[in-house]
Structure formats: C-alpha cells, structure tokens
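Q: no sequence for this one, just the structure:
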C-alpha cells in the first residue's frame, strides 16, 4: 500500500511479523528485502529507506498482532448491554482476526465496554454472512473499534478472507 507522505515521498506500509521482521518492497524496481525491525517496536514507526536502485521511500511499520484488512462493507449493529441499548446501520472499515472497526452516522451513545452484535456480509465470492459478538474498545466520534469476544472461533470463512 503506497501513499504520498512528506515532500511527495512515497510511503509503503509493512506488517511486522511475529519474529520482528518486515518485508519491504521497493515501489520502483520491485526488489523485496526482509529486515529486522524489533528495535523500532516501541519507538519510531516510519523509516526512511533507500533501495539499491537509488529510489527513496518511507516505510510505515505496523506492529499490530493481526493483519487488518480495509473494507467498505455495510452491515448492522445491535448493542446488547449497557444503559443505552440500540443499534443501526454501520460500515465496516477494517477487519482482522481479533476485531473490527466500523463507522456510523449521526449521534450515538456507544461507550467503551459495551457489548454488541454485528451482522454483515463479506465481499467474498460466497457473500459469507457473519454474526459476531464484540466488546467496544474505543470510540472516536463516529468511528468504533471492537474486539471479538470469542477470538478462538474466528471461523474458516473469515480466516480465508483475511489472507493478505
């Protein structure tokens, strides 16, 4: 994934594996290198890199436990406990093995610690319908971050969908 960063320099996102290595691919020549990035775990997450072809680009290191796949899936959420029950339409913005991020429109009373039931259809060939129980972990205006309550039962459909 590339975007433009400071001074028009290309930014590449790289997911860090459990052994603290990241694969970095030059956006110009395609050369791939695996580098050790463990020393950056609690520090800087963006590195300026220069390839042997002469190309310079930035690498944003992602130290998340699980790969997070960006999506634009429409679904429904229902709050299942807390002092403000409710629900409505949502747009799943990203999904991983451990959770989901979604956005909603309008005012809401969603708070950290509430539980919800999410229902949405993956944009895979089978149009797999998922119903997942989650706990709200963060709320930033209309963007909600959730963690699956039973992560050990991810399901083979979601596991296959999340393969990068």
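A: Arrived safely, thanks for sending. In this text, all values refer to a predicted model and were calculated from it rather than measured experimentally. Numbers count the residues shown, from 1 in each chain.
Q: show me where pLDDT drops low in the protein?
A: Under the criterion of pLDDT under 70, the regions of the chain flagged as low confidence span 1-8, 43-44, 64-66, 82-84, 151-154, 164.
Q: now do the helices in it.
A: Listed in chain order, the helices of the chain (DSSP state H) span 156-161.
Q: domain ranges for it?
A: 2-62, 69-161 (automatic domain parsing).
Q: out of these, which is the most enclosed?
A: With neighbours defined by mean count of other CB atoms under 10 Å, none of those is more surrounded on average than domain 69-161, at a mean of 15. (Glycine included, C-beta is placed from N, CA and C.)
Q: end to end, how far does that domain reach?
A: 9 Å (CA to CA, to the nearest Å).
Q: how distant is that domain from the center of its chain?
A: In terms of CA atoms, centre = their mean, to the nearest Å, the centre of domain 69-161 is found 12 Å from the chain centre.
Q: ok, the closest residue to residue 41 other than its chain neighbours - contacts?
A: Spatial nearest neighbour of residue 41, chain neighbours left out: residue 63 (5.9 Å); criterion: CB to CB, 6 or more residues apart in numbering. When contacts are counted by CB atoms under 8 Å, 6 or more residues apart in numbering, residue 63 is found next to 16, 41, 45.
Q: a markdown table please, covering those residues and showing distance to residue 111.
A: Written out in a markdown table, the entries for the contacts of residue 63 read as follows (distance: CB to CB, whole Å):
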| residue | distance to residue 111 |
| --- | --- |
| 16 | 31 |
| 41 | 31 |
| 45 | 29 |
